[in-house]
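> my questions are about this predicted structure, shown below with the sequence.
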2 protein chains.
Amino acid sequence: MSAGVPGSAVDEVTDAVLTASRLLVAVSARSIAAVGEDVTLPQFRMLVVLAGRGPQRAGELAELLDVHPSTATRMADRLVGAGLIDRVANPQSRREVIVALTEPGRHLVEDVTARRRAEIASIVARLDPQLRANLVSALRAFADAGDEPMAVSSRDASALGWT
Amino acid sequence: MSAGVPGSAVDEVTDAVLTASRLLVAVSARSIAAVGEDVTLPQFRMLVVLAGRGPQRAGELAELLDVHPSTATRMADRLVGAGLIDRVANPQSRREVIVALTEPGRHLVEDVTARRRAEIASIVARLDPQLRANLVSALRAFADAGDEPMAVSSRDASALGWT
DNA sequence: CGCCAAATTTTGTACTATACAAATATCTAC
DNA sequence: GTAGATATTTGTATAGTACAAAATTTGGCG
């Protein structure tokens, strides 16, 4: 292994993060289902972005979601069909399209978010407070450590045949 | 909030776990791409299960991956096409189909896994050792706390209008 | 002014993942 | 040996995804 970290530690961290993440995804899915709306997880992500950052240009929205613009268009089609978002041409520049939550859309996000937060809170509440503090700092450090693009030393990279 | 846990703690934990998990998914995707094979993440999951538990019945495989059997069939179709798995009828019970890695399939898994482990190791290596230990124990505790099915107190549940 | 290049979005096409229902094939027990 | 149970595949439909091409709009330049 590349830097004095035993392989088992790598696998333990990987497993632990992925398990925790699966749990959160399951909680989110449950929360959406509980609200009874027929919205997929990617669609919900779009709604959350709109709730958090306000109305957005279609292309900007695609970038925020890290999908191709045409993907965003089609996702938006479905959400418009469900009455959860509106699409209006920007009067200043009619080639741009502004996407915004409708009232039902905002409601949905609030509803689902409240349920999700409540459920996660009930999990977090069961954690020993010391562990709880560790969790956040350790995960942040982990994410920060991985943030630097191409997170491998050049020695490792060449050893593995990377460019 | 349900149990004396400030909302911000909930959001911090949620954010931290999801960010870390996104990082890992990105690492995995990079590792697969680096090997140059045109395999999707779900397909790779199937290969990993086969590598870890040996040849499996089609239905068993679907359960392990938590997808519908027909989904597994189609995923397997593509992997057979790519020469990464084999499908043989169980001689003992010809209605059953056994799916197994081919040599190229096993190779692919080993290759990708090695790259992924190396990259994650280089991230983990940057962590303060104390944080590293905290990370695993805290995440495990979190996942365990969430494992209990329907992780909400009945008081919370009724307060939220759950059944 | 008018046209052409750049920007923005949508449409056409193709493919994967996914589920449900129905068809198919096999096995087993009576 | 036939009926019911079991295992898989096929038919059909939908969502997410990308790339390429078309459509629309804007803006600048001769």
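Yep, that arrived.
> which secondary element of chain A has the worst mean pLDDT?
Every helix and strand in chain A was compared by mean pLDDT, DSSP states H and E; the lowest is helix A:154-159, with a mean of 36.
> and for the closest residue to A:R106 other than its chain neighbours, the neighbour number?
The spatially closest residue to A:R106, leaving aside those adjacent along the chain, is A:A51, at 6.3 Å (CB to CB, 6 or more residues apart in numbering or on different chains). Glycine gets a C-beta too; all of them are placed from N, C-alpha and C. By the measure other CB atoms under 10 Å in any protein chain shown, the count of residues near A:A51 is 15.
> after the helix or strand harbouring A:A51, which helix or strand is next?
Using DSSP states H and E, A:A51 sits in helix A:41-53. Moving toward the C-terminus from helix A:41-53, the next helix or strand (DSSP H and E) is strand A:56-57.
> okay, now the sheet partners of that following strand, with direction.
Here the strand partners of strand A:56-57, with direction, are listed using DSSP bridges: strand A:97-101 (antiparallel).
> what angle do the strand it pairs with and helix A:41-53 make?
Between the direction of strand A:97-101 and that of helix A:41-53, the angle (axes from the mean of the first three to the mean of the last three CA atoms, to 10 degrees) works out to 90 degrees.
> just checking, what packs against the longest helix anywhere in chain A?
If you go by DSSP state H, chain A has its longest helix at helix A:7-35. Packing contacts for helix A:7-35, counted by 3 or more CB pairs under 8 Å, 6 or more residues apart in numbering or on different chains; DSSP states H and E, involve helix A:41-53, helix A:103-124, helix A:129-147, helix B:7-35, helix B:103-124, helix B:129-147.
> try 6 Å
helix A:103-124, helix B:7-35, helix B:103-124, helix B:129-147 (3 or more CB pairs under 6 Å, 6 or more residues apart in numbering or on different chains; DSSP states H and E).
> got those as CSV, with mean neighbour count columns?
Formatted as CSV, those follow (neighbours: other CB atoms under 10 Å in any protein chain shown):
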stretch, mean neighbour count
helix A:103-124, 20
helix B:7-35, 18
helix B:103-124, 20
helix B:129-147, 19
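> please name whichever of these is nearest to DNA strand D.
helix B:7-35 (11.2 Å; CB to the nearest atom of the strand).
> do stretch A:139-147 and chain B come into contact?
Yes. Using CB under 6 Å from any CB of the partner chain, stretch A:139-147 reaches chain B at A:L139, A:R140, A:A141, A:F142, A:A143, A:A145, A:G146.
> look up phi and psi at the residue nearest to A:L79 when sequence neighbours are not counted.
If you skip the residues right next to it in sequence, A:L79 has A:I85 as its closest partner in space, 4.5 Å away by CB to CB, 6+ apart. When quoted as degrees, to the nearest 10, the phi and psi of A:I85 stand at phi -140, psi 160.
> who touches A:I85 in this structure?
A:L79, A:V99, A:L101, A:G105 (CB atoms under 6 Å, 6 or more residues apart in numbering or on different chains).
> do that again at 7 Å, thanks
Shown here is A:I85, whose contacts under the criterion CB atoms under 7 Å, 6 or more residues apart in numbering or on different chains are A:L50, A:A76, A:L79, A:V99, A:A100, A:L101, A:T102, A:G105.
> near the first one, how many other residues are there?
Spelled out, that is A:L50. 24.
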